[in-house]
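Undergrad: Just a sequence and a predicted model for now, questions to come.
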Amino acid sequence: MGAALLGRHLLKKETDLDLNQINNSASPSGFVENFISNSTSYSKTRLPAELLILNRYGVGYPYLKAAWKLSQQHQIAPYEILIKAKVISLETWLDAQDHLSDERERVIGKRRQEILLLNQSISNLSDNLPHYSAKQTFTGWQIIFIGFFVISTSWFLYINYQNAILAIFMVLTFFYMASIFLRGLLLASFQPAISPTKDLLARKDEDLPIYSVLVALYKEANQIDALTQNLWQLDWPKDKLDIKLICEADDCETIEAIVDAKLPSCFELVQVLPTNPRTKPKALNYALPLCKGEYLVLYDAEDHPSSGQLREAFLKFSSEDEKLACLQAPLHIHNHKQNWLSAMFAIEYVTLFNGILPVLAKWHVPIPLGGTSNHFNGVMYQKQETFQTTSIEVHYE
């Protein structure tokens, strides 16, 4: 049924058709081939899925388009034309439709799962633990207090301007001095971090668990090459790395850059349905149920983690009790010599991540996370639930 065979039939185009014409034809398949040879108007015809599926069974597109065109002109089902022309058998047609039905159920099921993941990623925390969610910016009592504070302060400024200004400066000075006092205590309690020895970090690859890596990306196609190289150099068995690159489905440039990179099997592209809010937490929550790892780390596109960071985090988790749920890796600025502003930025980060946070962790008080290089333990057992935020400890690594 190739091009040479189609070229043998150059009969005039039929204007009236019924199944008897095909049955009475000396060559039923040749009858369809005649129509193919003498028709050009169907070259851009859009075929229904019921016919397209037959291409997987070896039926060429010219035959499918010809059958569809004939069926439209003469009100005959296209599959009847193909069967009478002996292009396919009835068994082939029925098997193809069963296959198509299975494909449709699979696509519908996948779409439902995507919508479910999307709904969970947006509202799961606010629905299950509303007191930990920022969905409601202010409570009723907070609005009343803020309103009362603004009105009373304005009234105080109106009736006694000088004393009101003095009181405001005293309050601000108190908070400033409290900050200096706190930093003095932190400096007095500071102890240099002790890095694990190579012997402690050494662990047989077969004894290591799967480690999931989540990276939320948006409009960052130019970062893909550097990012994937940085993640690939992580010192962890590649068959136990589960790296999810998370993109909005309409971020075509970033998705194209990931596809063109032809990444190893440990990398997976996760496309989030494009809807508001377009935030990093939503993207991470969407990908969380898809993770396979016992441990999890979050990175940003511009991060360059040290090669031994995963092993060091795993060692810390293994040496502590189950209450240790999160580790914050220190963040350093690599372009601190670029100008004075980047130098000040680098000093601020060194002070925070190498000075303040380790002491706060030692004091067992809440610490602010950096938003990246956060390692989690145990959350993978709660894939369908919101992160547990009670009875856990957060340490600085």
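TA: Arrived safely, thanks for sending.
Undergrad: Tell me the secondary structure of Phe138, please.
TA: Under the three-state scheme (DSSP: H, G, I helix; E, B strand; the rest coil), the conformation of Phe138 reads as coil.
Undergrad: and the protein, what are its domains?
TA: For the chain, automatic domain parsing gives the domain ranges 3-88, 140-188, 198-396.
Undergrad: closest to Leu94 out of the ones you listed?
TA: Counting by Cβ to Cβ, Leu94 lies closest to domain 3-88 out of these; the figure is 9.5 Å. (Each C-beta comes from the backbone N, C-alpha and C, glycine too.)
Undergrad: what about Asn335, how many residues close to it?
TA: Using other Cβ atoms under 10 Å, Asn335 is surrounded by 10 other residues.
Undergrad: just Cys291 next, same as before
TA: Burial of Cys291, expressed as a neighbour count using other Cβ under 10 Å, amounts to 21.
Undergrad: can you check Asn160 too?
TA: The burial metric for Asn160, expressed as a neighbour count using other Cβ under 10 Å, is 12.
Undergrad: need the contact list for it.
TA: Under the criterion of Cβ atoms under 8 Å, 6 or more residues apart in numbering, Asn160 has no contact partners.
Undergrad: Could I get the phi/psi values of it?
TA: For Asn160, the backbone dihedrals are phi -150, psi 80 (criterion: degrees, to the nearest 10).
Undergrad: Going forward, count from 11.
TA: Taking 11 as the first residue, the last one we looked at is Asn170.
Undergrad: That one and Ile178: what is the separation?
TA: 12 Å (Cβ to Cβ, to the nearest Å).
Undergrad: do the same with Phe191
TA: Distance from Phe191 to Ile178, by Cβ to Cβ: 21 Å.
Undergrad: which sections of the stretch 161-310 of the chain are below the confidence cut-off?
TA: When residues are selected by pLDDT under 70, those of the stretch 161-310 of the chain lie in 201-213.
Undergrad: So Phe191 and Ile178 - more neighbours on which side?
TA: Set Phe191 next to Ile178 and count neighbours by other Cβ under 10 Å: Ile178 wins out with 13 against 10.
Undergrad: just checking, the more buried one is part of a strand?
TA: No - per three-state DSSP, Ile178 lies outside any strand segment and is helix.
Undergrad: Quick check: nearest residue in space to it, chain neighbours excluded?
TA: By the measure of Cβ to Cβ, 6 or more residues apart in numbering, the closest residue to Ile178 outside its immediate chain neighbours is Thr163, 8.0 Å from it.
Undergrad: next one: Cys276
TA: Sequence neighbours aside, Leu251 is the residue nearest to Cys276 in space, at 4.2 Å (criterion: Cβ to Cβ, 6+ apart).
Undergrad: Run through the residues that contact that neighbour.
TA: With contact taken as Cβ under 8 Å, 6+ apart, Leu251 is in contact with 220-221, 223, 244, 276.
Undergrad: same thing but 10 Å
TA: Contact criterion Cβ atoms under 10 Å, 6 or more residues apart in numbering gives 220-223, 241-242, 244, 274-277, 302-303, 320 as the residues in contact with Leu251.
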